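Engineer: A structural model of the following input is requested.
(2 chains)
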Amino acid sequence: DGGITQSPKYLFRKEGQNVTLSCEQNLNHDAMYWYRQDPGQGLRLIYYSQIVNDFQKGDIAEGYSVSREKKESFPLTVTSAQKNPTAFYLCASSIDLAGKNTEAFFGQGTRLTVV
Amino acid sequence: AQTVTQSQPEMSVQEAETVTLSCTYDTSESDYYLFWYKQPPSRQMILVIRQEAYKQQNATENRFSVNFQKAAKSFSLKISDSQLGDAAMYFCAYRWGFYGGSQGNLIFGKGTKLSVKP
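Structural biologist: Okay, the predicted model is just below:
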């Protein structure tokens, strides 16, 4: 089945540690995105990538890093510089059709908790 | 900058009844998409319906339909014959029509929590 897979579903991090959230898609989509969701908030964009080996900062990139070495994969690292990392993280992807945006498809999310 | 506003943090509907969720947006662009996403307790974001700005006809997907008022920048979602499984957070989202750059990203409202009473 085609889709977006995020892992792990739940992740616990000690303060001062870096952790990496995985996002893999087999939809052959060009663009991939990372969003953060907090209670009472909509989704906020952390990073996005439209092609391999290229990515751009979103609205709340501080304390996060990404890589895009393969079209299928877009891992997100939450670094110790992120002051309030406890949140729900969603990965999404979309395809470029003749220069037009389409809807985004989402993974099931990762719940990160700092302990 | 584009913004999306959902003015109803919570809504409630009786099973089998109809409910309308409101969404307004602000943009200076003419080519864009609007979406309604559903997020059930599993937290999976599910696309409910989408509307292209250049289309005057309102989108419909089974029990879900929208009222798209482009001049008023309004995009409401109507759920007919509400079912218990419709209970979820609903997010309205905007996306620029042309691929490329940060304007291709989804802009979300803060969501409306819909409860369905049996």
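Engineer: When you work out contacts or count neighbours from here on, use the C-alpha atoms and nothing else.
Structural biologist: Will do.
Engineer: residue closest to the middle of chain A?
Structural biologist: For chain A, the residue whose C-alpha lies nearest the mean C-alpha position (CA atoms, centre = their mean) is residue A:34; its distance is 2.7 Å.
Engineer: Please save the CA atoms from stretch A:39-55 in CSV.
Structural biologist: Coordinates of each C-alpha in stretch A:39-55 appear next as CSV, following Å, rounded to 0.1, in the frame of the first residue of the first chain:
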residue,chain,number,x,y,z
PRO,A,39,-2.9,21.7,21.9
GLY,A,40,-5.3,24.5,20.7
GLN,A,41,-3.1,25.3,17.8
GLY,A,42,-3.2,24.5,14.1
LEU,A,43,-0.3,22.9,12.5
ARG,A,44,2.9,25.0,12.1
LEU,A,45,5.5,24.3,9.5
ILE,A,46,9.0,23.4,10.6
TYR,A,47,10.8,22.5,7.4
TYR,A,48,10.0,21.6,3.9
SER,A,49,11.8,20.0,0.9
GLN,A,50,10.7,20.1,-2.7
ILE,A,51,13.6,18.1,-4.2
VAL,A,52,16.4,15.8,-3.0
ASN,A,53,19.3,17.5,-1.3
ASP,A,54,17.4,20.7,-0.9
PHE,A,55,15.2,22.0,2.0
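Engineer: Surely the residue nearest to the centre of chain A and residue A:47 touch.
Structural biologist: Yes. In this structure residue A:34 lies within contact range of residue A:47 using CA atoms under 8 Å: 5.4 Å.
Engineer: Strands of chain A, start to end?
Structural biologist: Along chain A, counting by DSSP state E, strands occupy A:4-7, A:10-13, A:19-25, A:31-37, A:43-51, A:54-57, A:64-66, A:76-78, A:87-94, A:105-106, A:110-114.
Engineer: where in the chain is pLDDT low?
Structural biologist: All of this refers to chain A. A:1, A:96-101 (pLDDT under 70).
Engineer: look at chain B instead
Structural biologist: For chain B, counting by pLDDT under 70, the residues that fall below are B:98-104.
Engineer: For chain B, give the residue positioned nearest to chain A.
Structural biologist: In chain B, the residue that lies nearest chain A is residue B:110 (3.9 Å; CA to the nearest CA).
Engineer: Identify the spatial nearest neighbour of that residue, chain neighbours not counted.
Structural biologist: Nearest in space to residue B:110, with sequence neighbours left out and distances taken as CA to CA, 6 or more residues apart in numbering or on different chains, is residue A:42 at 3.9 Å.
Engineer: likewise residue B:66?
Structural biologist: What sits nearest to residue B:66 in space, not counting adjacent residues and going by CA to CA, 6+ apart, is residue B:77, at 4.6 Å.
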